[in-house]
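Asker: Sequence first, then the predicted structure:
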Amino acid sequence: MIFVDTGAWFAAFVPSDGNRLVARRWWEDNREPLVTTDFVLDELLTLLKSRGNTQRAIAIGRDLLDGSLACLERVTEDDLHAAWLLCRTHQLSDWSLTDCTSCAVMRRLRITTVFAFDRHLREMGFEVVPEPTA
C-alpha cells in the first residue's frame, strides 16, 4: 500500500503543475493500492479551490470520497494526538499538522512508502516515490 500526499494528488490532476509529467508517469506505472487521509483530502480540495480549480476539486473530492481513487483513511483521535506530539517535538521543522497526521496514520497502518513531491515525509523517515530528479 502506498500513501498519497497532497502535492502528488495535485500534480497528478492539474495540468499546469511542474511535477505533472513525473506524477502521471508514476501514476500509470503504479500497481499498488493507494491510501490517503481525510486531512489530505481537506488540504487538497482547499488548495484546488484557492487556485481556481473548483470543478476539479468537486470531481476529485467525489472520487476520493467514493473510494474510486484510493482508500480514504480517517484520522483517528489517537492519530491526532500522535501528530500533535510530533509537531510539538519538532518545533524547528516546517512540518504541517497534516504532514504529522499523515505520518501517524502511515505508522498505524505500517505504510513505508509515500507518493509525494515535498521533503517533509522523507525527513520523517518514509521512502518517497518517485525518486527526485536532478
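Answerer: Right, received. Where do you want to start?
Asker: Show me which helix or strand of this structure is least confident by mean pLDDT.
Answerer: Lowest on mean pLDDT, DSSP states H and E among the helices and strands of the chain sits helix 120-123, with a mean of 91.
Asker: what's the following helix or strand after it?
Answerer: Counting by DSSP states H and E, the element after helix 120-123 in chain order, helix or strand, is strand 127-129.
Asker: If you count neighbours, what's buried in the least confident helix or strand of the chain?
Answerer: Taking 16 or more other C-beta atoms under 10 Å as the basis for neighbour counts, the residues of helix 120-123 that come out buried are 120-121. Where you see a C-beta, it was placed from the backbone N, CA and C, and this is true even at glycine.
Asker: With stretch 3-17 instead?
Answerer: Of the residues in stretch 3-17, those with enough neighbours to count as buried (16+ other C-beta under 10 Å) are 3-14, 17.
Asker: Any regions of this structure where pLDDT drops low?
Answerer: Scanning the chain for pLDDT under 70 picks out 92, 132-134.
Asker: ok, Asn19 touching Ala11?
Answerer: Yes: using C-beta atoms under 8 Å, Asn19 makes contact with Ala11 at a distance of 3.8 Å.
Asker: shared neighbours of those two, anything?
Answerer: Listed as contacting both Asn19 and Ala11 by C-beta atoms under 8 Å, 6 or more residues apart in numbering are Phe117.
Asker: contacts for stretch 54-68?
Answerer: Applying C-beta under 8 Å, 6+ apart, the external contacts of stretch 54-68 come out as 9, 13-14, 36, 41, 44-45, 48-49, 69-70, 72.
Asker: Buried residues of that stretch, list them for me.
Answerer: Within stretch 54-68, the residues that qualify as buried are 56-57, 60-61, 64, counting by 16+ other C-beta under 10 Å.
Asker: hmm, back to that, give me the buried subset of the contacts of stretch 54-68.
Answerer: By 16+ other C-beta under 10 Å, the contacts of stretch 54-68 give 9, 13-14, 36, 41, 44-45, 48, 69-70, 72 as buried.
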